[in-house]
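Peer 1: Provided below for reference: sequence and predicted model.
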Amino acid sequence: MEIDWGAVIIGFILSIVLGAIFAAIIPGVGALLGWLLAGMVVGYMVGGTAGNGAANGAVSGLFGAIVVSILLLIFGTLILGLIGFAAATATSLILIIGSLGVLIIMAVGGLIGALIKGEPGAV
């Protein structure tokens, strides 16, 4: 398994953009569809085995949750001080736990993307 950081960063950006767009178009399940498509793009970009696509998609989903948590902590503390830090910490913990769902969805998308690319000899 090899992590392609370029694909992971592109997947992170796509997960935010596609997740927001599809959430606005299809309330309730739109974000899930956006994350799945972002994971598929990552899996297609990295190619190789299905496991490689799934791993890169999962890393992309986890990367997004970590970045959002860090931004919440920074801006929550800057704007509201200690209260903002406490609220951002609680929110970040919930976000990291909730990111397991995003991680799974993007891993499945990465698996599908790698299978779609279908490189010869990669199973």
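Peer 2: That came through, no problem.

Peer 1: report all helices and strands that the one helix or strand residue 16 maps to contacts.
Peer 2: If you go by DSSP states H and E, residue 16 is part of helix 5-25. Packed against helix 5-25 by the contact rule (3 or more Cβ pairs under 8 Å, 6 or more residues apart in numbering; DSSP states H and E) you find helix 30-46, helix 50-117. In this view, the C-beta of every residue, glycine as well, is placed from N, C-alpha and C.

Peer 1: for those helices, which has the smallest mean pLDDT value?
Peer 2: Among the helices and strands packed on helix 5-25, helix 50-117 carries the lowest mean pLDDT, a mean of 83.

Peer 1: go ahead and flag the most central residue of this protein.
Peer 2: residue 61 (2.1 Å; Cα atoms, centre = their mean).

Peer 1: check contacts around that one.
Peer 2: Residue 61 makes contacts with 11, 15, 35, 39, 99, 102, 103, 104, 105, 106, 107, as judged by Cβ atoms under 8 Å, 6 or more residues apart in numbering.

Peer 1: look up how far residue 53 lies from it.
Peer 2: Distance, residue 61 to residue 53, using Cβ to Cβ, to the nearest Å: 13 Å.

Peer 1: before we move on, the earlier item: if we ignore the residues flanking it in sequence, what's nearest the residue nearest to the centre of the chain?
Peer 2: Computed as Cβ to Cβ, 6 or more residues apart in numbering, the closest residue to residue 61 that is not its neighbour in sequence is residue 106, at 3.6 Å.

Peer 1: give me the neighbour count for the one you found.
Peer 2: 35 (other Cβ atoms under 10 Å).

Peer 1: contacting residues for it?
Peer 2: Contacts of residue 106 (Cβ under 8 Å, 6+ apart): 11, 15, 35, 36, 38, 39, 42, 57, 58, 60, 61.

Peer 1: tell me the buried residues within the residues you listed.
Peer 2: Among the contacts of residue 106, those buried by neighbour count (16 or more other Cβ atoms under 10 Å) are 11, 15, 35, 36, 38, 39, 42, 57, 58, 60, 61.

Peer 1: separation between the last one and residue 34?
Peer 2: If you measure residue 61 against residue 34 using Cβ to Cβ, the figure is 12 Å.
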